[in-house]
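Colleague: here's my sequence, what's the structure:
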Amino acid sequence: MRLKNLLHYKDFHSDDIIFDSLIKSTDDEILNYVINVTSDLLNGVFLADDFKINSKENLISYEERELGELATYIGITPFVQSTLAKGTNWQEKATSYLEYFIGYIIGTIDKEEFLGNLIEMREVLNMSNKFYTGLVIYFGENKEFIINGILNKLQF
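Modeller: Numbers count the residues shown, from 1 in each chain. You can find the predicted model right below:
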């Protein structure tokens with residue numbers, strides 16, 4: 001699927017806003033954003049050797065849907081941060097989302113907790129289930145490109 005095909009998944013006005021922002025970028029730009037942010041986050045924190053190994057093994061083992069969820073999580077994070085910034089103490093919540101993202105990849109956060117945060121983020125944005133599903137499918141179909149890109153950029 002191409003980014004522009006998410007048009008068929010829009011259901012709510014909030015989906016329109018996110019879609020309109022996403023299509024200002026090309027498919028390669030969006031996919032590389034996910035790759036760069038994920039690898040930068042993993043490279044930017046101190047990880048014990050076992051967590052480094054876990055992160056690579058987990059990335060390689062993700063099924064298409066799991067990778068789609070992971071990429072959707074980081075792909076919608078800027079929109080969530082922008083929405084949260086309208087409130088007070090938003091930095092703490094935004095940081096928590098990134099900690100869960102890293103924790104899921106290195107294996108310290110289980111899938112249910114991770115997905116709970118993803119659902120919460122979706123609700124913060126008032127994103128429809130239909131559009132969310134489209135994002136997961138879109139990123140999932142690009143699993144190999146994303147995983148290979150992340151693994152190539154990891155500095156461990």
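
Colleague: give the next helix or strand downstream of the longest helix along the chain.
Modeller: Ranked by residue count, the top helix of the chain under DSSP state H comes out as helix 64-84. Heading C-terminal from helix 64-84, the first helix or strand you meet, by DSSP states H and E, is helix 90-106.

Colleague: residues in contact with that next one?
Modeller: Applying C-beta atoms under 8 Å, 6 or more residues apart in numbering, the contact partners of helix 90-106 are 38, 41-42, 45, 47, 51, 54-55, 58-59, 70, 73-74, 77, 80-81, 84-85, 109-111, 113-114, 117, 121. In this view, the C-beta of every residue, glycine as well, is placed from N, C-alpha and C.

Colleague: would you mind checking these for buried ones?
Modeller: Buried by 16 or more other C-beta atoms under 10 Å: 38, 42, 47, 51, 54-55, 58-59, 70, 73-74, 77, 80-81, 84, 109, 114, 117, 121, out of those.
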